[in-house]
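# this is a predicted model, with the sequence first.
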Amino acid sequence: MLTATYVLLTLSIEQKKERHFIARLLQYVQTIARRPQEIDPVFIESQLKELTTFAETRHQRKVEACLMPAVRAADASCGALINDLESLSRLGGAMLNAVHKCLRRAMRRSASQGKFLCRTVDLYCQNLLKRLDKEEQELLPLAQKVISSEEWFEIGSQFLAQEDNGAATQPELRPRRARIYASGSGAAAA
């Protein structure tokens, strides 16, 4: 059970960091939306990149690749929860693509585009928060109930291997949304 504690503690710490990134970005866009002429799209882009690199990498590697398959294999009745989480993830990908389109338009310093950018970033962050809430309130408690000690050991081993390999910087393990943005693809690719 020590491995389960390690996995859950790791996810909890990462979720707190993600919430911090989200809160910081939300505070900026909610404040600056009242003064659209002062919006700095470059700053928003850098903050968004920091958030998505952390949030999407964590989610992609640990929750979607390790935890969700283990929960699905352990409890066939969790399909609705897993589908909800996957739906939030896909919606987040589409929202992230919309944010990047808004960023490109806002670079032209249009006040109306700046307000729309702030609203789009806000919606993306709210989606991330909803996904985090669902993970914390439903997925993690369910995982604690249905995953065996052997499976927790395997998940913990995967987490450690990812940390040892510096997975966040390896291109093959970068989050799918970051690759979509880098390739310039639209929301359909998410």
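Yep, it's here.

# got a pLDDT number for the nearest residue to residue 138 once chain neighbours are set aside?
Nearest residue to residue 138, sequence neighbours excluded (Cβ to Cβ, 6 or more residues apart in numbering): residue 81, at 5.5 Å. (Each C-beta comes from the backbone N, C-alpha and C, glycine too.) We note a pLDDT of 94 for residue 81 in this prediction.

# then residue 156?
Value for residue 156, per-residue pLDDT: 87.

# any low-confidence regions in the protein?
Counting by pLDDT under 70, the chain shows low-confidence ranges at 1, 109-112, 164-190.

# what's around the residue nearest to residue 138, how many residues?
18 (other Cβ atoms under 10 Å).

# so which strand or helix has it?
In the assignment (DSSP states H and E), residue 81 maps to helix 79-106.

# elements contacting the helix or strand just after that helix?
Going down the chain from helix 79-106, the next helix or strand is helix 111-134, by DSSP H and E. On a contact count with 3 or more Cβ pairs under 8 Å, 6 or more residues apart in numbering; DSSP states H and E, helix 111-134 meets helix 2-32, helix 41-58, helix 79-106.

# go with 6 Å
helix 2-32, helix 79-106 (3 or more Cβ pairs under 6 Å, 6 or more residues apart in numbering; DSSP states H and E).

# identify the residues contacting that helix?
Helix 111-134 is contacted from outside by 15, 22, 26, 29, 33, 36-37, 39, 85, 88, 91-92, 95-96, 98-99, 102, 105-106, using Cβ atoms under 6 Å, 6 or more residues apart in numbering.
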